[in-house]
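> no FASTA, just this:
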């Protein structure tokens, strides 16, 4: 069973048709939109500040979402994919973003819409990622613009695929989240 716990009287809230993997952890002041999925071994820790997650967000296996105590909440827009083992901490991620596997997004970063953070990238504290761009490397820097084909072929495709993958667990979802 997933670990879903209140912290200081604040309980996680889930939208409609969400999938929470049996070994995911979600605690504290977390608000999640519709058709989201939190995958195996992912941790969403709203214990020291709030975490707000939009619709059709997938937080893949082993990813960690956290904040900074009383300073930096984490806000994630709609149709965001957060890759396996990524870490997103005390930052803002706008709509239609792909954060690659193993990437790290630090405090006070702003990731604007239609952007991709490459696998393994480290987005340093306070970085502003331009809309429609790809950032890669350590530290992450802009490497190119995102084409309209890439928005549809990668960002949209992955977000929609994860809604489909979550539906495969619909019997579990309806039993567990009621």
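Arrived safely. The structure displayed is predicted, hence computed values, not measured ones.
> Kindly provide the distance from the nearest residue to residue 3 once chain neighbours are set aside to residue 79.
By the measure of CB to CB, 6 or more residues apart in numbering, the closest residue to residue 3 outside its immediate chain neighbours is residue 25, 4.3 Å from it. Backbone N, C-alpha and C define where each C-beta goes, glycine included. Distance of residue 25 to residue 79, given as CB to CB, to the nearest Å: 23 Å.
> When these two are compared, which one has more neighbours?
residue 79 (22 against 17; other CB atoms under 10 Å).
> Report the contact partners of that one.
54, 55, 56, 57, 95, 96, 97, 155, 156, 159 (CB atoms under 8 Å, 6 or more residues apart in numbering).
> ok, longest strand in the protein?
strand 43-53 (DSSP state E).
> Tell me the secondary structure of the residue lying closest to residue 34 once chain neighbours are set aside, please.
What sits nearest to residue 34 in space, not counting adjacent residues and going by CB to CB, 6+ apart, is residue 15, at 3.8 Å. Three-state call for residue 15 (DSSP: H, G, I helix; E, B strand; the rest coil): coil.
> now residue 15: how far from residue 27?
Using CB to CB, residue 15 is found at 18 Å from residue 27.
> re the thing from before, which residues does the residue nearest to residue 3 form a beta bridge with?
residue 3, residue 43 (DSSP bridges).
> quick one: it and residue 44 touch, right?
Yes: counting by CB atoms under 8 Å, residue 25 does reach residue 44; the two are 7.1 Å apart.
> Now tabulate the contacts of residue 79 in a markdown table and tack on secondary structure.
Converted to a markdown table, the contacts of residue 79 look like this (three-state DSSP):
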| residue | secondary structure |
| --- | --- |
| 54 | coil |
| 55 | coil |
| 56 | coil |
| 57 | coil |
| 95 | coil |
| 96 | coil |
| 97 | strand |
| 155 | helix |
| 156 | helix |
| 159 | helix |
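> Could you export those residues as TSV, including distance to residue 135 and neighbour count?
Below are these laid out as TSV (distance: CB to CB, whole Å; neighbours: other CB atoms under 10 Å):
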residue	distance to residue 135	neighbour count
54	21	21
55	24	20
56	22	25
57	19	29
95	17	20
96	15	23
97	11	27
155	14	22
156	19	17
159	19	22
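> Between those, which sits nearest residue 170?
Comparing those against residue 170 with CB to CB picks out residue 56 as the nearest, at 15.7 Å.
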